[in-house]
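Novice: below is the sequence, then the predicted model.
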Amino acid sequence: MKSKNLSEKILKSVKSRGFKYIELPSVIEANHIVQRSGENFRKFMFSFTDINGKELCLRPDLTIASCLRYIEGNFNGKEKIFYSGQAYRKVQFKKDKIIRNQIGFEILGSKNEKNDDKEIINTSLKSLKNLKYSTGILIIGNVEIFRLFISKLEIPSRWKLRLVRHFWRQDYFNDLLERLETNQDIDPIEVEVDNRKYLELLKKDPSIMIAGRSIGEILKRFDIKIKDPRTANKGKKISKLIKSFLKIKCPINSAANELNKFFKKNKINLAVDQKYFPISSNKISKLSVMFSTSFDGELEYYTGMVFKIDIKSDSKLVNFANGGRYDGLISDLGSQKKIQAVGAAFNL
């Protein structure tokens, strides 16, 4: 099927589910992207400066352009929207495409999280009927479960923040686990000095001021710092536990059971109900449905449910759709209030 005909069929399918078509700007302010994703993202952007000195860029992502529209338009309440167009991003490898043709659809500003998650997935499944394929797989994950798991581990807050923030950067995340395992970021001489200072300050009056802070405040800071995984053995144990968690993969109807078995075995105070997942059927049409704790992705703004659909066409497995929940993105881009959001995009 030619791409134009396929695109028209998919757009019609999405519209039939009650989504309203909108146009998105091709050029957006670069600082919105950099503020959200950091300077590292700049190397992927096609940016330029206008005559007023403002840095602009071609949209590298349709979802971000859509969320900026929501902020700038002062929209309130629920919006079901869809759009199509091209996203532009510099690539590392010649085989990758600079221009990506996409169709996206979103539910913004709704408080019915579970129903909305389900609707986004069902809309993707309905649009899939326009394609010819033999088999496929729908993989569902959840970033919130990963964050809750990390929050229960006996590691410093700074390590928890690092691991959650860089979850999507696979190489760097693996590097973090290695550093945690071997304590590469801990200077044993500095640790010894910290311990000595801490013991000395314990003997003094906590109300005494040193360099603008009370000894009591300094002791609290030391207490947090000293709780780092000081031995390689402890760091190795935590790293191994995280790696084991990220190996969990099973049919979707076993997701809660497998997670709860893992949490119970490792004495982690968490429990998941099967109703937590938007789908519990292991087979939908020609797709098998799986749950996975490890999820490949380029974007780091997901906060809850994530999914992707890969299909086998002409004996090759190709990616058709990706999506998920990103409740923090609109506020990260400048909104004064948190707006719930979930959506997906088709790669044509």
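Specialist: Perfect, I can see it now.

Novice: every contact and neighbour count from this point should use C-alpha atoms.
Specialist: OK.

Novice: those helices in the stretch 101-250 of the chain, which residues are they?
Specialist: With helices called from DSSP state H, counting those that start in this stretch, the stretch 101-250 of the chain shows them at 113-128, 143-151, 157-165, 170-182, 188-202, 215-226, 232-245.

Novice: so what does the longest one touch, helix or strand wise?
Specialist: Counting contacts by 3 or more CA pairs under 8 Å, 6 or more residues apart in numbering; DSSP states H and E, helix 113-128 packs against helix 3-15, strand 99-108, strand 316-325, strand 341-347.

Novice: same deal with the second one?
Specialist: Secondary structure elements in contact with helix 143-151, counted by 3+ CA pairs under 8 Å, 6+ apart, are helix 157-165, strand 305-313.

Novice: now it: mean pLDDT?
Specialist: Averaged across helix 143-151, pLDDT comes to 95.

Novice: please apply the same query to the third one.
Specialist: Helix 157-165 carries an average pLDDT of 87.

Novice: which residues touch that helix?
Specialist: Phe146, Arg147, Ile150, Ser151, Phe173, Leu176, Glu300 (CA atoms under 8 Å, 6 or more residues apart in numbering).

Novice: returning to what we had before: worst average pLDDT in the helices of the stretch 101-250 of the chain?
Specialist: Mean pLDDT values for the helices of the stretch 101-250 of the chain show the minimum at helix 188-202, a mean of 68.

Novice: hang on, the earlier thing: buried deepest among the helices and strands packed on helix 113-128, which one?
Specialist: The highest mean neighbour count among the helices and strands packed on helix 113-128, using mean count of other CA atoms under 10 Å, belongs to strand 341-347: a mean of 23.

Novice: who touches that strand?
Specialist: Residues outside strand 341-347 that contact it (CA under 8 Å, 6+ apart): 100-110, 116-117, 120, 124, 319-327.

Novice: quick one, that strand and helix 3-15 angle?
Specialist: Strand 341-347 and helix 3-15 are oriented at 160 degrees to each other (axes from the mean of the first three to the mean of the last three CA atoms, to 10 degrees).

Novice: okay, Asp187: pLDDT?
Specialist: 48.

Novice: okay, domains of the chain per the record?
Specialist: Following automatic domain parsing, one finds the domains of the chain at 3-151+244-347, 169-237.

Novice: give me the number of residues near Phe93?
Specialist: 8 (other CA atoms under 10 Å).

Novice: surely it forms part of a helix?
Specialist: No. Assessed with DSSP: H, G, I helix; E, B strand; the rest coil, Phe93 is coil; it does not lie in a helix.

Novice: Lys118: neighbour count?
Specialist: Residues near Lys118, counting by other CA under 10 Å, number 15.

Novice: the spatially closest residue to it that is not a sequence neighbour: what's it in contact with?
Specialist: Nearest residue to Lys118, sequence neighbours excluded (CA to CA, 6 or more residues apart in numbering): Pro278, at 5.1 Å. Going by CA under 8 Å, 6+ apart, Pro278 touches Lys114, Asn115, Asp117, Lys118.

Novice: count the residues that sit near the third one.
Specialist: The local packing of Asp117 (other CA under 10 Å) involves 24 other residues.

Novice: surely it is in contact with Gly304?
Specialist: No. Counting by CA atoms under 8 Å, Asp117 sits too far from Gly304 to count as a contact (9.5 Å).

Novice: quick revisit: nearest to Leu333, of the helices and strands packed on helix 113-128?
Specialist: For the helices and strands packed on helix 113-128, the distance to Leu333 is smallest for strand 341-347, at 13.0 Å, taking CA to CA.

Novice: neighbouring strands for that closest one, and are they parallel or not?
Specialist: Strand pairing for strand 341-347, determined by DSSP bridges: strand 99-108 (antiparallel), strand 316-325 (antiparallel).
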